[in-house]
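Peer 1: Have a look; sequence and predicted model below, questions after that.
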There are 2 protein chains.
Amino acid sequence: MLPDHQTLRIPGPTPIPPSVQKAMAQGMIGHRSSDFKQLLQEISPRLKPIFGTTHEVLLLTNSGTAGLEAAVVNSLQPHDEVLVLVTGAFGERFVKICETYQAHVHRLDVQLGRSVQPEQVSEFLKQYPKVKAVFVTYCETSTAVLNPVAEIATAIHDVSDALVIVDGVSCVGAVPMQMDEWGIDIVVTGSQKAFMLPTGLSFIAISEKAQKIIDQNKQPRFYLDLRKYRDSIKEFSTPFTPAVSLIQGLQQTLNLFEEEGLEQVFKRHVLMRDMTRAACRALNLPLLTSDEDASPTVTAIRPIDFQADELRGILKKEFGITIAGGQQQLQGKIFRLGHMGYCAPSDVLQYISAVEIALKRLKVEIELGQGLKAAQEVYYHAI
Amino acid sequence: MLPDHQTLRIPGPTPIPPSVQKAMAQGMIGHRSSDFKQLLQEISPRLKPIFGTTHEVLLLTNSGTAGLEAAVVNSLQPHDEVLVLVTGAFGERFVKICETYQAHVHRLDVQLGRSVQPEQVSEFLKQYPKVKAVFVTYCETSTAVLNPVAEIATAIHDVSDALVIVDGVSCVGAVPMQMDEWGIDIVVTGSQKAFMLPTGLSFIAISEKAQKIIDQNKQPRFYLDLRKYRDSIKEFSTPFTPAVSLIQGLQQTLNLFEEEGLEQVFKRHVLMRDMTRAACRALNLPLLTSDEDASPTVTAIRPIDFQADELRGILKKEFGITIAGGQQQLQGKIFRLGHMGYCAPSDVLQYISAVEIALKRLKVEIELGQGLKAAQEVYYHAI
């Protein structure tokens, strides 16, 4: 194998574009300098359309999980009733964080590979009118499901005053998010997914309603205290030393988003999803999710006639392509193809071709080109 | 001025060496891949000598302040009595974090620019035998003081069972730290100081005694739960998506430390401090700290016949050199020269020369070369 020829096709961290890499290497600047202030001032308004908000998007230096924890500790107090919509490993994570902070957690569990139905949520909330916040995962990376957060938010507001808190880690920036319009109160995402950066920044956008609750909340928190970040960003600053190089990279990420156009970014992700799914169908690879539930950023396949992890091993060994396995109950049972961030339709053609060769090696009865042709057709007719 | 010719001489973030920059740009790898596991396995034993410990050094993805908060939430419970040794802004930060988590905080305040005397601490602890932890800042960046943490730890152990918790953010990696030998229980540092990396990683080393307390502590915490990191590092993994690119850079930082030799790294910092201080004395610039208290990583000057911030402005405008001002009560009253991490004696000669020109512009009565010669003499005779 050609050394140093590695391709990352997991649902995050995602590959870093060369121009973003270069932006991050432009040299360190002081985080209290006017240069840094200008950088934040320049970036701030450009982040808002990605979240669909007129409010400032807060930048925290940590991973996405800490962003999710910030949403919890800033909006809840011990013994508050909450509802977590659990569609997989990242719904479970919300449960664990809420339980850590002694919330009274109700769970609505959905079969793995399925999305939450909005009416399930409103029915549930009618029974539990004291619920103060509903937690939902936009893209449940572990199952490749995209939950219909806009419709879920509407269903919640129809019957409840609860905050709507969305884990957008594996998709915001690759799929539409209109939090103001949809009535979503907190959206969290991380840098290592659709934002095409290394891990180390979390992004948190907050509604006015949530901000009021956060301001009054007495739950102890220091580094994750969102009031500090909100106060600092007004002066284009951060309360603690931020990940300066990632923010330098973020400026270039925004250039890339704007050059392509956000709508086009979203279409590209849908196209890559559709190409991948068409190829899987043509190869008789069972998709874990339905077309309606499928995320544009990741595709999960549950093979029946070979071991998922053997396929992953061949892709890594022969082609240097890393794809993801399953998590928790799905470990060893599925494989996941990430098509998020710095990933183009030509990359989909590449990994489908490689998957076919790996399937042949595993004695799966397919013809080479069988799935690829389907992906090519989708691309050919879409553009 | 030559465009794009910027030099960072603040006490962190510090400049990134080109080889570290390159290491961070080698391309993203999956955080659950065998490549990443190998990386952590390779790095782990090499971190220990820098902290002077046989235990694993934990890596958290966040800034140093979150590392300090981790030390607090993992070792304390509400209403525990603690003692914070306050020598400046970062001692104050420990106070605020402890108060946030409802500790009963005793403070021992030391005049700004002075270090803590070990006997002060033991006298204090004799009066307050219930104190469960003592917090001390190794290098108090805001005043350029290096506190004698080894002697302080001994003084504590003479009279108390309290944990000794050290903020080593602005110096560990540039000055000796032998936590096992000195009886220090928790040491925290950040990536953007002596480790010559961008902000985004905090390092936490923990004694067996502290680990036991951490294991039994019921204080709610999730992302900052050090038990999770300790369990993960046993398998050379992390509980949450880590800052992969910084860890790739860290590997090269360790190469640089080892190539130069840790003892030599420490000597270089002492030399840069001594050169800087000799120059300041020759220029009649009043040093904030005594020789005994002076940190090898940063020097603070309190001018009497000109405005500190005017000097900073000239250095930035004419030479692209960024130096630091004062924080809190010292704002506008001091300036601080950072000589930490990727900084060589030749860099000291450069900033001293530039400072002299700036002093001339400010009509301070000096001769050009007056301070520089003193710095050169120190260097000449030291090597």
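Peer 2: On my side now, so go ahead. Residues are numbered from 1 along each chain as shown, chains lettered A, B, ... in the order given.
Peer 1: Which residues are in contact with the closest residue to A:Gln178 other than its chain neighbours?
Peer 2: Computed as CB to CB, 6 or more residues apart in numbering or on different chains, the closest residue to A:Gln178 that is not its neighbour in sequence is A:Gly52, at 3.4 Å. Where C-beta positions appear, they are placed from N, C-alpha and C, glycine not excepted. Neighbour list for A:Gly52: A:176-182 [criterion: CB atoms under 8 Å, 6 or more residues apart in numbering or on different chains].
Peer 1: Show me what the helix or strand where A:Thr154 lies is packed against.
Peer 2: Following DSSP states H and E, one finds A:Thr154 within helix A:149-159. The contact analysis (3 or more CB pairs under 8 Å, 6 or more residues apart in numbering or on different chains; DSSP states H and E) places helix A:149-159 against helix A:118-127, strand A:133-137, strand A:163-167, helix A:179-182.
Peer 1: re the thing from before, would you mind checking the contacts of A:Gly52 for buried ones?
Peer 2: Buried subset of the contacts of A:Gly52 (neighbour count, 16 or more other CB atoms under 10 Å in any protein chain shown): A:176-177, A:179-180, A:182.
Peer 1: and the two most separated of the residues you listed?
Peer 2: A:Pro176 and A:Asp180 (12.6 Å; CB to CB).
Peer 1: Okay, helices next: where are they in chain A?
Peer 2: Under the criterion DSSP state H, chain A contains helices at A:18-24, A:34-51, A:64-75, A:89-100, A:118-127, A:149-159, A:179-182, A:208-216, A:226-233, A:244-260, A:262-282, A:308-319, A:345-361, A:370-382.
Peer 1: thinking again about what came up before, just put the helices and strands packed on helix A:149-159 in CSV and tack on mean pLDDT and distance to chain B.
Peer 2: As requested, these are exported to CSV (pLDDT from 0 to 100; distance: least, CB to the nearest CB, whole Å):
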stretch, mean pLDDT, distance to chain B
helix A:118-127, 98, 25
strand A:133-137, 98, 14
strand A:163-167, 98, 13
helix A:179-182, 98, 23
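Peer 1: Just say which of the ones you listed is most tucked in.
Peer 2: Comparing those on average neighbours per residue, with mean count of other CB atoms under 10 Å in any protein chain shown, the densest one is strand A:133-137 at a mean of 28.
Peer 1: My guess is A:Ala205 contacts A:Pro49. True?
Peer 2: No - A:Ala205 is not in contact with A:Pro49 according to CB atoms under 8 Å; the separation is 11.2 Å.
Peer 1: With neighbour numbers in mind, choose between the two.
Peer 2: With neighbours defined as other CB atoms under 10 Å in any protein chain shown, A:Ala205 and A:Pro49 compare such that A:Ala205 has more, 27 against 14.
Peer 1: Beta-bridge partners for that one, please?
Peer 2: A:Val57, A:Val187 (DSSP bridges).
Peer 1: gap between it and chain B?
Peer 2: Going from A:Ala205 to chain B by CB to the nearest CB, to the nearest Å gives 19 Å.
Peer 1: residues contacting that residue?
Peer 2: Counting by CB under 8 Å, 6+ apart, A:Ala205 touches A:51, A:53, A:55-58, A:179, A:186-187.
Peer 1: what residues are up against the closest residue to A:Lys130 other than its chain neighbours?
Peer 2: Residue nearest to A:Lys130 in three dimensions, not counting chain neighbours: A:Glu81, with 4.6 Å by CB to CB, 6+ apart. A:Glu81 makes contact with A:103-104, A:106, A:128, A:130-132, according to CB under 8 Å, 6+ apart.
Peer 1: Neighbour count for the residues you listed - can I get that in a markdown table?
Peer 2: Below are these laid out as a markdown table (neighbours: other CB atoms under 10 Å in any protein chain shown):
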| residue | neighbour count |
| --- | --- |
| A:Ala103 | 22 |
| A:His104 | 16 |
| A:His106 | 19 |
| A:Tyr128 | 14 |
| A:Lys130 | 12 |
| A:Val131 | 21 |
| A:Lys132 | 18 |
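Peer 1: And the residues you listed, which is closest to A:Leu2?
Peer 2: Closest approach to A:Leu2 among those (CB to CB): A:Ala103, at 51.0 Å.
Peer 1: so who does that closest one touch?
Peer 2: By CB under 8 Å, 6+ apart, the contact set of A:Ala103 is A:72, A:76, A:78-82.
Peer 1: Any of these buried? List them.
Peer 2: Buried members of these, counted by 16+ other CB under 10 Å: A:72, A:76, A:80-82.
Peer 1: Show me those that map onto strands.
Peer 2: A:81-82 (DSSP state E).
Peer 1: Now for the buried ones among the contacts of A:Ala103: which two are most distant?
Peer 2: Longest span within those, CB to CB: A:Val72 and A:Glu81, 13.5 Å.
Peer 1: which parts of the stretch 51-200 of chain A sit against chain B?
Peer 2: Contacts of the stretch 51-200 of chain A with chain B, taken as CB under 8 Å from any CB of the partner chain, map to A:61-66, A:69, A:96-97, A:100-102, A:190, A:192, A:198-200.
Peer 1: could you redo the last one with a cut-off of 10 Å?
Peer 2: With CB under 10 Å from any CB of the partner chain as the criterion, the stretch 51-200 of chain A meets chain B at residues A:60-70, A:72-73, A:78, A:93, A:96-102, A:169, A:190-193, A:196-200.
Peer 1: Same check on the stretch 251-383 of chain A?
Peer 2: A:316, A:322-325, A:327, A:338, A:341-342.
Peer 1: and the residues you listed, which two are the farthest apart?
Peer 2: Longest span within those, CB to CB: A:Gln327 and A:Tyr342, 23.1 Å.
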